[in-house]
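# here is the input, now give the coordinates:
(one chain, ligands or ions: 1)
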Amino acid sequence: MTAGPVDEADRYTAMCDARTALALSLGTSVGDIDPASGYSMSRRSYESVRHSWVSSIKYHGFSAVYEQDSLDKARAFWLERRPEFIDGDDWLAAGMAEHREHWQSIGHPCNRPSCDEHGDGLLMLQAAEEVRQQIGR
Ligand SMILES: [Zn+2]
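Alright, predicted model coming up:
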């Protein structure tokens with residue numbers, strides 16, 4: 001059984017309603033809920049998403065090859081809806097500053113090969129480019 005466009009739209013609306021209900025039950029005010037998606041646009045949600053990115057980058061570093069798209073999408077959500085929150089707030093710079101400090105305090109670079117700071121980022125970019133050419137994208 002395949003889902004047609006109408007089913008998809010219904011499912012999407014149902015998810016949106018569910019997210020809206022969840023956000024309301026968690027105490028988010030109506031004005032802080034994105035009507036199109038049901039996602040919370042509150043300051044607290046912004047800080048929570050920002051914290052998860054900065055914290056992940058702190059411990060695991062960052063690879064533009066693997067994570068830039070996701071980071072761009074997360075930031076685009078806020079840039080579109082709450083530009084006043086994100087204006088001048090560089091999550092990547094904050095995360096990388098904490099990443100350097102964290103691993104410096106441990107006394108060695110992180111051991112993630114794809115880390116843009118400690119790994120061989122250029123090699124990763126070249127490898128990704130080769131794969132892209134092989135699969136014809
Ligand atoms: Zn690193």
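# CA atoms of the lengthiest helix in the chain as CSV?
Of all the segments of type helix in the chain, defined by DSSP state H, the longest one is helix 5-25. Extracted C-alpha coordinates of helix 5-25, given in CSV (Å, rounded to 0.1, in the frame of the first residue of the first chain):
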residue,chain,number,x,y,z
PRO,A,5,-0.2,13.0,-1.6
VAL,A,6,-3.5,13.5,0.3
ASP,A,7,-2.5,10.9,2.9
GLU,A,8,0.9,12.6,3.2
ALA,A,9,-0.7,16.0,3.7
ASP,A,10,-3.0,14.5,6.4
ARG,A,11,-0.1,12.9,8.1
TYR,A,12,1.8,16.1,8.0
THR,A,13,-1.1,18.0,9.5
ALA,A,14,-1.5,15.4,12.2
MET,A,15,2.2,15.7,13.1
CYS,A,16,1.9,19.4,13.2
ASP,A,17,-1.1,19.2,15.5
ALA,A,18,0.6,16.7,17.7
ARG,A,19,3.7,18.9,18.0
THR,A,20,1.5,22.0,18.7
ALA,A,21,-0.3,20.0,21.5
LEU,A,22,3.0,18.8,22.9
ALA,A,23,4.5,22.4,22.9
LEU,A,24,1.3,23.7,24.6
SER,A,25,1.4,20.9,27.2
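# got the angle between the helix or strand following that helix and helix 5-25?
Per DSSP states H and E, helix 5-25 leads on to helix 43-60 as the next helix or strand towards the C-terminus. Per axes from the mean of the first three to the mean of the last three Cα atoms, to 10 degrees, the angle that helix 43-60 makes with helix 5-25 is 100 degrees.
# ok so, going back, any chance you could list what contacts the longest helix of the chain?
With contacts defined as Cβ atoms under 8 Å, 6 or more residues apart in numbering, helix 5-25 is touched by 3, 30, 32, 33, 36, 37, 38, 39, 40. C-beta coordinates here come from the backbone N, C-alpha and C atoms, glycine included.
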